[in-house]
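A.B. asks: give me a 3D structure for the following:
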Amino acid sequence: MTHRIFALALAPALFLAWITPTGSPPEPTREAASAAGLPQSDIEALVREEAASANTHAVSELWSRARHLREADGLGEEGALDAALDHVLADRETLSPKAVLLLASARLLGEDVEPEVLADALQEILEDPDPEVARGAASLLGEKDFKALNRGRRNEIVDILQGVAENTDLAPAYRLDFAAAAYRLGSGSARRKAYGVMVSFLESSDPELSALGALTIAGSTEVDIEGRLRQTLEELAEVPGDRGRLAAAYLRMQEDRDYADRKLREMRERIDDKSELPDEFEELLAVRQLITRMHLEGGKVDPEDLIHAAIDGMLHWMDRHSSYLPSEVYSKFFQDLEADYGGIGAYVREDPDNGLFTIVRPIYSGPAYRAGLQTDDKIVRIDNWPTLGHSEEDIIKHLKGKPGTAVQLYIWRRGMDPDKIDRPTEDMKVEVIRDRIEIPAGSYQLLPGGIGLVELTTFSKKSREQMKSWIEEMRANGMKALLLDMRRNSGGLLTEAREVADLFLPPGEIVVKTEGRTGPPDVLRTREPALLPEDMPVVILTSRLTASAAEIVSGALQDHHRAILVGNRTYGKGSVQQLIPILRDREDSWDDANGNYRWDEGEKLLVDHNGNGEADYAPRVKLTIARYLLPSGRSIHRELDREGNMIAPGGVQPDHVVDLPLMERWRFDERERVRKSDVLRDYIDRNYPKHVELFHRLAVNDSKDPSLYPEFDQLVMDLETSLGRDDVRSVLRREIRRRVQDDLGHEFPFGDYEEDVQVQKGIEVILEALGESVDDISQYGLVFDLPDENASDRDVALLDPHGNRRLHRVRELLEEARAEGNTLSPESLDELIGLIDTIEGEEN
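C.D. replies: Got it, this is the predicted structure:
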């Protein structure tokens, strides 16, 4: 599961390339990557994983998460994502309210929306105790897709929305959100009633209520801004702050509409006068005019936005990575890139079982860990502000602050007096000094046999530096070979990918080339002597999630015969995008004192076209201009035709294809239930302090032997689970590893050689290169479960005469039960259970 990272000061995007025309400032390129060619079951698993993480996000973040989820749209067959979303939403009793919001938002961004199903799901959370969830549901129900509901169903929802809007016991902002949704969804008298609620606020003698009413009307209706509405917005626009800027924006939108109307009239006059205008532009303008005049929502659309959409459509028609960034979008993009925050450094979320704000795991290089905070700690108060009952968004706002400032956290841990959750005492207080947080690029572990395992999850600015230090540490401790896991690496900085390749290849070797229509090819070569000896074996693990810069490094090392690849074909993102400014004469200019190619507050404006006191950027086009080629000349880019059919699969094919085994749904769900159960947590809380050294050893290797765990048989009984003993052992060990991580201040890599067949195959390949075998190393021989390509499960069973006799006796007992009216004597039942336990133990 991907948790919300409270890693403040982390730039929010990974960038693949810095490719700019001569003399132009560097334009960063945002990349997104995901799995490729996924079957429907994997698409649905991806959706369920995203749904499971919804509670780790504030409601305000769910909309961007929904757009992120839509990136999976091209990963399977056409419509696969929408089908998966529909299927998961149909099983919504297993979903949290936030998960419903997330999936419904993602579905509304898709095609052929079924409004009845979504309306049912959203209606159920309209009365959610979390007001932000309820307001989010109301806002979604106001979307145009729900206009397709039959009149009776639509009126039913509008009545609910209107009832909340007219309830004077509720908060004004809450009522207005519901009124706005009722207005958008309703028609005729229903719209007039909803509009009446908004107008009642606008006409209030209370300035605050009047302001809320004005902003809601301007943002939710298509009425012209005039009279009392204009007066209130103009007064608000003069007040500094977010609301003032919003009011000014609505006034500018009205001015833009008026301006566009004038321009349209002038254009029509020119067309009527048969002035020269290319035919294709006449078509474009005619369609825009048709939309603004006759489309159901045409009165709400800024005509300029329609032109922007047309530009974006042209670019998307060429390929899905090209897009249009209007001035304000590019400005926000650049601001996000340079965002600088201070935080405590932890992965956090609300515990779905008790509603307490929880540290999922501290970032071990961050201030929270230095202050002694641990996994599963509950933050019940921040300074003098209690967290219970507040949204995640509010809590995170209180945790954020300027680097170097102190924040007092009151921490409740399992086993403490529950009354202290509401009334924390001073002995629970922990002072944390906020800091800029550096997210590790991965993790590492020296495995038995001198095999160094490095999981590299991104190519950020520190990836090479961190990876170099990990390798040097492991070599000092006897590392003889390297297993590099990039199965969860979606890319990052291309320059950093070259720096990582430097660790493996001698200077001057090609890492990647670009091939485009204009200009000479660009070639990136290694520049420094390799860190690893030429004869040290290297294996790289890849998956469908290995993308972009990670594919380039994997493919380059494969082409240079420096690494053997194990796993699955990579994603296939091998195109180059460049951000190109258009209408550059519209861009303001300034004295760039710090040379960072962006305007910072306080820098002198030289040209300010609209006089707003801030630098405005010209629009940008993100254009695919080239493709990446590996050193051998092969392209990694997945090629699709206009209909979305695959022409070339792209990606990098591993030398050894190894699929991860699928797990039955019931088994997956039951493992999750056991993992989250109080029984398992109580077991660890009770036994960990008494067996610290033992649990540290078992976290590394337990030989898949449940008997090594104290009181294991009693634990299985207390869990009352249908899982086998090995599944219980596996889940228990996973949770113990989380606890051991906190002790060590060091995260285990994702790949666990006891459980992960791809890691096992990588180790097998390395040992063969070293002239050794799995059987030579006891830790591996006891736990490896590599598939035998020449023997089926039935063949293996027939080779074991004892197992065959046991299966025969099971069949006899079942036949006996059938003959006795589907019943068994207590003695026969005990024998049957014993046989099944024995067989299950042998299988595991």
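
A.B. asks: just give me the neighbour total for Val454.
C.D. replies: Residues near Val454, counting by other C-beta atoms under 10 Å, number 20. Quick note: C-beta positions are derived from backbone N, CA and C, even for glycine.

A.B. asks: ok, what's across the strand from it?
C.D. replies: In this entry, Val454 is beta-bridged to Tyr444, Leu484, by DSSP bridges.

A.B. asks: got a list of what it touches?
C.D. replies: By C-beta atoms under 8 Å, 6 or more residues apart in numbering, the contact list for Val454 reads 442-444, 467, 470-471, 482-485, 749.

A.B. asks: which one of those sits closest to His637?
C.D. replies: The shortest gap between His637 and any of the contacts of Val454 belongs to Leu484, at 22.7 Å (C-beta to C-beta).

A.B. asks: wait, that closest one touches Thr542, no?
C.D. replies: No. In this structure Leu484 lies outside contact range of Thr542 using C-beta atoms under 8 Å: 9.6 Å.

A.B. asks: how many other residues sit next to Ser825?
C.D. replies: Neighbours of Ser825 using other C-beta under 10 Å come to 11.

A.B. asks: separation between it and Leu832?
C.D. replies: Distance, Ser825 to Leu832, using C-beta to C-beta, to the nearest Å: 10 Å.

A.B. asks: Tyr324 now?
C.D. replies: In terms of C-beta to C-beta, Tyr324 sits 67 Å off from Leu832.

A.B. asks: out of the two, which sits in the more crowded spot?
C.D. replies: Neighbours were counted for Tyr324 and for Leu832 using other C-beta under 10 Å; Tyr324 has more, 22 against 18.

A.B. asks: phi first, then psi, for the more buried one.
C.D. replies: When quoted as degrees, to the nearest 10, the phi and psi of Tyr324 stand at phi -110, psi 130.

A.B. asks: partners of it in the sheet?
C.D. replies: Judged by DSSP bridges, the bridge partners of Tyr324 are Val621.

A.B. asks: OK, contacts around it?
C.D. replies: Contacts of Tyr324 by C-beta under 8 Å, 6+ apart are 308, 311-312, 315, 619-622.

A.B. asks: try it again at 10 Å.
C.D. replies: 307-316, 330, 582, 619-623 (C-beta atoms under 10 Å, 6 or more residues apart in numbering).

A.B. asks: Leu694 too?
C.D. replies: Counted by C-beta under 10 Å, 6+ apart, Leu694 has contacts 687-688, 702, 708-710, 736.

A.B. asks: go again using 8 Å as the cut-off
C.D. replies: Counted by C-beta under 8 Å, 6+ apart, Leu694 has contacts 708, 710.

A.B. asks: can you tell me how far it sits from Tyr709?
C.D. replies: For Leu694, the distance to Tyr709 - C-beta to C-beta - is 9 Å.

A.B. asks: ok, now Val774?
C.D. replies: 25 Å.

A.B. asks: likewise Ser722?
C.D. replies: Ser722 is 20 Å from Tyr709, by C-beta to C-beta.

A.B. asks: look up the closest residue to Ile379, ignoring the ones flanking it.
C.D. replies: Leaving aside its chain neighbours, Ile379 sits nearest to Phe357 (4.9 Å; criterion: C-beta to C-beta, 6 or more residues apart in numbering).

A.B. asks: quick one: the strands in the stretch 351-500 of the chain?
C.D. replies: Counting by DSSP state E, counting those that start in this stretch, the stretch 351-500 of the chain has strands at residues 357-362, 378-382, 385-386, 406-412, 429-433, 442-447, 451-456, 481-485.

A.B. asks: give me the helices and strands touching the fifth one, please.
C.D. replies: What that stands for is strand 429-433. Applying 3 or more C-beta pairs under 8 Å, 6 or more residues apart in numbering; DSSP states H and E, we find strand 429-433 packed against helix 367-370, strand 406-412.

A.B. asks: tell me which residues in it are buried?
C.D. replies: Neighbour counts over strand 429-433 (16 or more other C-beta atoms under 10 Å) mark 430, 432 as buried.

A.B. asks: neighbouring strands of it in the sheet, and parallel or not?
C.D. replies: Applying DSSP bridges, one finds strand 429-433 paired with strand 406-412 (antiparallel).

A.B. asks: ok, and what's touching the partner strand?
C.D. replies: 344, 356, 373, 377-383, 398-399, 401, 420-421, 424, 428-434.

A.B. asks: quick one, which of these are buried?
C.D. replies: So, by 16+ other C-beta under 10 Å, the buried ones in these are 344, 356, 373, 377-382, 398-399, 401, 421, 424, 428, 430, 432, 434.

A.B. asks: domain parsing for the chain?
C.D. replies: Domain assignment for the chain by automatic domain parsing gives 222-291, 346-433, 665-755+775-843.

A.B. asks: so which of those domains is the most surrounded?
C.D. replies: domain 346-433 (a mean of 17; mean count of other C-beta atoms under 10 Å).

A.B. asks: what is the mean pLDDT for that domain?
C.D. replies: The average pLDDT within domain 346-433 is 91.

A.B. asks: quick one: end-to-end length of it, please.
C.D. replies: Using C-alpha to C-alpha, to the nearest Å, the end-to-end distance of domain 346-433 comes out at 13 Å.

A.B. asks: kindly report the same for stretch 535-545.
C.D. replies: Start-to-end, stretch 535-545 (C-alpha to C-alpha) is 29 Å.
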